[in-house]
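1. I'll drop the sequence and a predicted model, then ask my questions.
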Amino acid sequence: LFAGHLLDIKNKRSLTEPIISKMQDKQIESAFKELQALKGDIQKALPGLQKTAITETKGNGAQKIYVFTDAKCSFCRRFEETLDKMDNITIYRIPVAYLGPESARLASVALCSKDKQVATWKEISGKGATMAGAKGCEDGDKQVQANNELAKSWKVTGTPSMFRADGDRWARGYMDVENTKIFLEKGSSALLQSMEPRPAASAPAK
C-alpha cells in the first residue's frame with residue numbers, strides 16, 4: 001500500500017499534485033454542469049417557497065434572495081449581520097437542519113411562531129438564543145423535513161446557500177454586504193471574477 005505524494009527530489013516537485021489537480025478540475029466542471037442543469041427547475045420552484053419561508057421585506061423589497069440556513073450554523077449567523085445591513089430586499093429564509101436535532105427543533109420553533117417568525121429567527125440564528133424549553137409544532141417539523149429533502153435534491157451541501165430569483169446560486173458560505181450586492185445584481189460568475197486575485201503590477205522598466 002502506497003499513500004501520499006510521489007516526489008521528484010532533484011527538481012523539488014510533486015509528481016502526484018498535477019494528477020490530483022486534473023481530477024479535481026474535472027469534478028468541479030462536472031458539478032458545475034450539474035448545477036447549471038438544475039437552474040431552470042430551481043427558478044420555476046423558488047416562487048413556491050415563498051409560502052413557507054421565513055420572509056422579511058426591507059425597503060421596497062425589489063431584490064429577492066432565497067437563503068438555505070441552519071439555526072446552529074456560525075456562518076449563517078454572520079450572514080444575518082450582512083442581511084441586517086441591506087435595504088430594498090426581500091429575504092426568504094428556508095430553515096434546514098444540517099447540524100442535528102437541535103437545528104431541527106429551533107427551526108420548527110421559528111416556523112411555528114406565526115406572525116413573529118422573523119423576530120424569532122433573528123433571536124435564534126442572529127443572537128444564538130437557545131429557546132430553552134420551547135417546542136415546535138407538527139407542521140413546523142414537517143416543513144423542516146421538506147426543506148431538508150428539497151435542499152438535498154438541489155445539491156445544497158452546506159449553509160448558508162443563497163439563490164437569486166433566476167435560480168443562480170452562491171454556495172461558498174458567508175458574504176459581506178458588498179459581495180452580496182454583486183451576487184444579487186450581477187450573479188455568481190461576476191462575484192467569482194471579483195474575488196479572483198489580480199496579478200501584481202510589474203515594476204516599470206528601467
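-> It's in. Numbering: from 1, shown residues only.
2. okay, and for this protein, where does confidence drop off?
-> For the chain, residues meeting the criterion pLDDT under 70 lie at 21, 24-35, 196-206.
3. Can you show me the helices along this structure?
-> Counting by DSSP state H, one finds helices in the chain at the ranges 17-49, 74-84, 101-111, 117-121, 138-153, 177-186, 188-195.
4. So which of those has the densest surroundings on average?
-> helix 101-111 (a mean of 22; mean count of other C-beta atoms under 10 Å). In this view, the C-beta of every residue, glycine as well, is placed from N, C-alpha and C.
5. Pull the CA coordinates from that helix and hand them back as PDB.
-> C-alpha atoms of helix 101-111 as PDB (Å, rounded to 0.1, in the frame of the first residue of the first chain):
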ATOM      1  CA  PRO A 101     -31.700  17.600  16.100                       C
ATOM      2  CA  GLU A 102     -31.200  20.900  17.800                       C
ATOM      3  CA  SER A 103     -31.200  22.700  14.500                       C
ATOM      4  CA  ALA A 104     -34.400  21.000  13.600                       C
ATOM      5  CA  ARG A 105     -36.100  22.000  16.900                       C
ATOM      6  CA  LEU A 106     -35.000  25.600  16.600                       C
ATOM      7  CA  ALA A 107     -36.200  25.800  13.000                       C
ATOM      8  CA  SER A 108     -39.500  24.400  14.000                       C
ATOM      9  CA  VAL A 109     -39.900  26.800  16.900                       C
ATOM     10  CA  ALA A 110     -39.300  29.800  14.500                       C
ATOM     11  CA  LEU A 111     -41.700  28.400  11.800                       C
END
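6. just to revisit the earlier point, present the helices of the chain as CSV; the columns should include distance to Ala129.
-> Formatted as CSV, these follow (distance: least, C-beta to C-beta, whole Å):
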stretch, distance to Ala129
helix 17-49, 25
helix 74-84, 11
helix 101-111, 9
helix 117-121, 9
helix 138-153, 16
helix 177-186, 24
helix 188-195, 31
